[in-house]
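*Asks:* one predicted model, sequence on top.
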Amino acid sequence: MNILIVGSGGREHAIAASVAKSPKADKIYCAPGNAGIGQIAECVPIGAMEFEKIVAFAKEKEIDLTIVGMDDPLVGGLVDEMEAAGLRVFGPRKNAAILEGSKAFSKDLMKKYHIPTAAYENFDDPKKALAYLEQAKMPVVLKADGLALGKGVLICNTPAEAREGVRTIMEDKKFGAAGNRMVIEEFMTGREVSVLSFVDGKTIRIMSSAQDHKRALDGDQGLNTGGMGTFSPSPFYTEEVDAFCRKYIYQATVDAMAAEGRPFKGVIFFGLMLTPDGPRVLEYNARFGDPEAQVVLPRMKNDMIEVAEACIDGRLDQIDLQFEDNAAVCVVLASQGYPVSYEKGFAIDGLERFEEAEGYYCFHAGTKQDGERIVTNGGRVLGITAKGADLKEARANAYKAAEWVSFDNKYMRSDIGKAIDEMPARE
Ligand code: AMP
Ligand code: GLY
């Protein structure tokens, strides 16, 4: 089969690596891809939002299956355009990707179908939002409605901060049109878990759990980033939590989308908060998480192409999704100064160490081929993933492998997955 992957980050590299293991894969293309993906796929210089070019390319190369990794093209309707051209695509249509594309939509859906989440109100008028804040309990959480690169969420401790936040989102439009509407919701405490799932419109199959470290500095300090590392499984995702989520969250979400005439096919990412009152949905995403995919997919035993096709054809009930009984840790190697400002263009050494190392992966995020060399080309440069019998071993392996690679201004957190059992829950 000819496969096309749309996207250019560590997530797409992990998807490509998973697809490359399938005996069904003949030729793999990636638009636009990156230097690491280029080692297992042919990268084509087409941007993820260039829908017409993607459709034309897929027809020309007789692509049998396209996998869309990123949120923007999904929310923008790439799947609809490809399907209209008779192409097979793994990912939700526009009317289902709204589950991620509009927080107001997803909150209303959860309320209507009694799916546990934080109490909230939606606003499209800043004056009403400001009036609501007069009696809101602090801290309070403000969310821009639309896609905002994971940055459209503000946690405000005082009414003054919250008022300022409303102005930032709705009047100054810091997150652009994403802030035309906003959600104000109750602040929840507890541990966060990411649960990815495959969905075929009716059936849902849950992948092994993961946890992301979003802050830039050790000890979960510093600014929010796209993710500085992940581990899988999460020791906090117990059987009890799993049973609760299966009963009240997962299938309920899939059924709710179908009942709304928006059947969801693709990956639903459940961002969960394990609160003292039980699990609650923090957010939905309509795609694999990044860097969650970098620890979850290497542990998946199934053939990625088979699972994706089962989702497209509504046969997911016939798939027995299986994960290795081990653990994985991913340490992100970033450019010093990320997420604010950083230099790029530095040569990366040591990448060849990963070619022969079983159970070790070097997923590229911000890299670029520069003649013979591969150079840094972004804030998050590489995701170094290693497996181990348990999290402790996986962590030791990941940090060992993180030393195999060198480039100027290399930065990483030193506590990804560290003493996981002792990590304090956020109060
Ligand atoms: P979201 O994009 O909705 O997942 O929000 C980004 C991050 O903000 C989450 O991963 C949480 O760390 C935090 N967050 C979002 N909503 C809440 C909430 N209601 N209570 C506490 N923290 C939240
Ligand atoms: N790691 C969080 C996300 O992919 O949205």
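*Replies:* Done, it's in. Ligands and ions are numbered 1, 2, ... in the order given.
*Asks:* switch to C-alpha atoms for all contacts and neighbour counts from now on
*Replies:* Fine.
*Asks:* against which helices or strands is the helix or strand hosting H13 packed?
*Replies:* H13 belongs to helix 10-20 when assigned by DSSP states H and E. Contact partners of helix 10-20 among helices and strands, from 3 or more CA pairs under 8 Å, 6 or more residues apart in numbering; DSSP states H and E: strand 2-7, helix 293-296, helix 304-313, strand 360-364.
*Asks:* between those, which gets nearest to L274?
*Replies:* Among the helices and strands packed on helix 10-20, the nearest to L274 by CA to CA is helix 293-296 (19.8 Å).
*Asks:* measure R353 to V6 for me?
*Replies:* The spacing between R353 and V6, counted by CA to CA, to the nearest Å, is 27 Å.
*Asks:* between these two, point out the one with more neighbours.
*Replies:* Using other CA atoms under 10 Å, the more surrounded residue of R353 and V6 is V6, with 26 against 14.
*Asks:* secondary structure class for T253?
*Replies:* Put simply, T253 is helix when judged by DSSP: H, G, I helix; E, B strand; the rest coil.
*Asks:* the chain: helices as residue ranges?
*Replies:* In the chain, the helices defined using DSSP state H lie at 10-20, 51-60, 71-76, 78-84, 94-101, 103-112, 126-133, 159-166, 239-245, 251-259, 293-296, 304-313, 391-402.
*Asks:* now render these as JSON lines, adding mean pLDDT.
*Replies:* As requested, the helices of the chain are arranged in JSON lines below (pLDDT from 0 to 100):
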{"stretch": "helix 10-20", "mean pLDDT": "98"}
{"stretch": "helix 51-60", "mean pLDDT": "98"}
{"stretch": "helix 71-76", "mean pLDDT": "97"}
{"stretch": "helix 78-84", "mean pLDDT": "98"}
{"stretch": "helix 94-101", "mean pLDDT": "98"}
{"stretch": "helix 103-112", "mean pLDDT": "97"}
{"stretch": "helix 126-133", "mean pLDDT": "92"}
{"stretch": "helix 159-166", "mean pLDDT": "92"}
{"stretch": "helix 239-245", "mean pLDDT": "97"}
{"stretch": "helix 251-259", "mean pLDDT": "98"}
{"stretch": "helix 293-296", "mean pLDDT": "98"}
{"stretch": "helix 304-313", "mean pLDDT": "98"}
{"stretch": "helix 391-402", "mean pLDDT": "97"}
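*Asks:* ok so, going back, just the helices and strands packed on helix 10-20: most buried one?
*Replies:* Among the helices and strands packed on helix 10-20, helix 293-296 has the highest mean neighbour count (mean count of other CA atoms under 10 Å), at a mean of 30.
*Asks:* other residues contacting that one?
*Replies:* Outside helix 293-296, the residues that touch it by CA atoms under 8 Å, 6 or more residues apart in numbering are 10-11, 14-15, 207-210, 230-232, 328-330, 363, 383, 385.
*Asks:* state the distance from whichever residue of the stretch 251-400 of the chain sits closest to ligand 2 to ligand 1.
*Replies:* Per CA to the nearest ligand atom, the residue of the stretch 251-400 of the chain with the smallest distance to ligand 2 is G289, at 3.3 Å. Relative to ligand 1, G289 is positioned 11 Å away (CA to the nearest ligand atom, to the nearest Å).
*Asks:* list the contacts of that residue.
*Replies:* Contacts for G289 (CA under 8 Å, 6+ apart) come out as 11, 196, 269.
*Asks:* just to revisit the earlier point, wait, which of the helices of the chain is closest to M188?
*Replies:* M188 lies closest to helix 103-112 among these, at 14.9 Å (CA to CA).
*Asks:* and the chain, which of its residues are near ligand 1?
*Replies:* 118, 141, 150, 153, 185-189, 282-283 (CA under 6 Å from any ligand atom).
*Asks:* re the thing from before, now, which of the contacts of helix 293-296 lie within strands?
*Replies:* Assigned to strands by DSSP state E, the following of those qualify: 230-232, 328-330, 363, 383, 385.
*Asks:* V405: which of these is nearest?
*Replies:* Once CA to CA is applied, the member of the ones in strands among the contacts of helix 293-296 that ends up nearest V405 is G383, at 10.9 Å.
*Asks:* just give the nearest non-adjacent residue to that closest one, would you?
*Replies:* V332 (4.4 Å; CA to CA, 6 or more residues apart in numbering).
*Asks:* over to G152?
*Replies:* G152 sits nearest to A144 (CA to CA, 6+ apart), 5.1 Å away.
*Asks:* follow-up on the earlier one: I'd like the contacts of G289 as a markdown table, with neighbour count appended.
*Replies:* Compiled in a markdown table, the contacts of G289 are given as follows (neighbours: other CA atoms under 10 Å):
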| residue | neighbour count |
| --- | --- |
| R11 | 26 |
| L196 | 26 |
| F269 | 22 |
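*Asks:* as JSON lines, those with distance to A401 would be great.
*Replies:* JSON lines is the format used below for the contacts of G289 (distance: CA to CA, whole Å):
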{"residue": "R11", "distance to A401": "19"}
{"residue": "L196", "distance to A401": "26"}
{"residue": "F269", "distance to A401": "28"}
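*Asks:* who touches stretch 365-380?
*Replies:* Here stretch 365-380 has contacts from 8-11, 13, 34-36, 332-339, 342, 344-348, 381-383, 407, using CA under 8 Å, 6+ apart.
*Asks:* how about stretch 222-235?
*Replies:* Applying CA under 8 Å, 6+ apart, the contact partners of stretch 222-235 are 149-151, 193, 208-217, 290-292, 294-296, 327-334, 338-339, 383, 391, 412-413, 416-417, 420-421.
*Asks:* and if we set it to 7 Å?
*Replies:* If you take CA atoms under 7 Å, 6 or more residues apart in numbering as the criterion, stretch 222-235 is touched by 150, 193, 208-216, 291-292, 295-296, 327-332, 339, 413, 416-417.
*Asks:* what do you get for stretch 91-102?
*Replies:* Contacts of stretch 91-102 (CA under 7 Å, 6+ apart): 67-68, 74-77, 79-80, 105-106, 145-147, 262-267, 284-286.
*Asks:* buried subset of these as a PyMOL selection?
*Replies:* Burial among the contacts of stretch 91-102 is assessed by 16 or more other CA atoms under 10 Å; the matching PyMOL selection reads:
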select buried, resi 67+68+74+75+76+77+79+80+105+106+145+146+147+262+263+264+265+266+267+284+285+286
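*Asks:* tell me, how many residues neighbour the residue nearest to F264 when sequence neighbours are not counted?
*Replies:* Nearest residue to F264, sequence neighbours excluded (CA to CA, 6+ apart): G201, at 4.7 Å. Using other CA under 10 Å, G201 has 23 neighbouring residues.
*Asks:* I'd say G201 and G261 touch.
*Replies:* No - G201 is beyond contact range of G261, at 10.3 Å (criterion: CA atoms under 7 Å).
*Asks:* I384 versus the closest residue to M412 other than its chain neighbours, what's the distance?
*Replies:* Using CA to CA, 6+ apart and skipping the chain neighbours, the partner closest in space to M412 is L333 (5.1 Å). Noted for L333: a distance of 7 Å to I384, by CA to CA.
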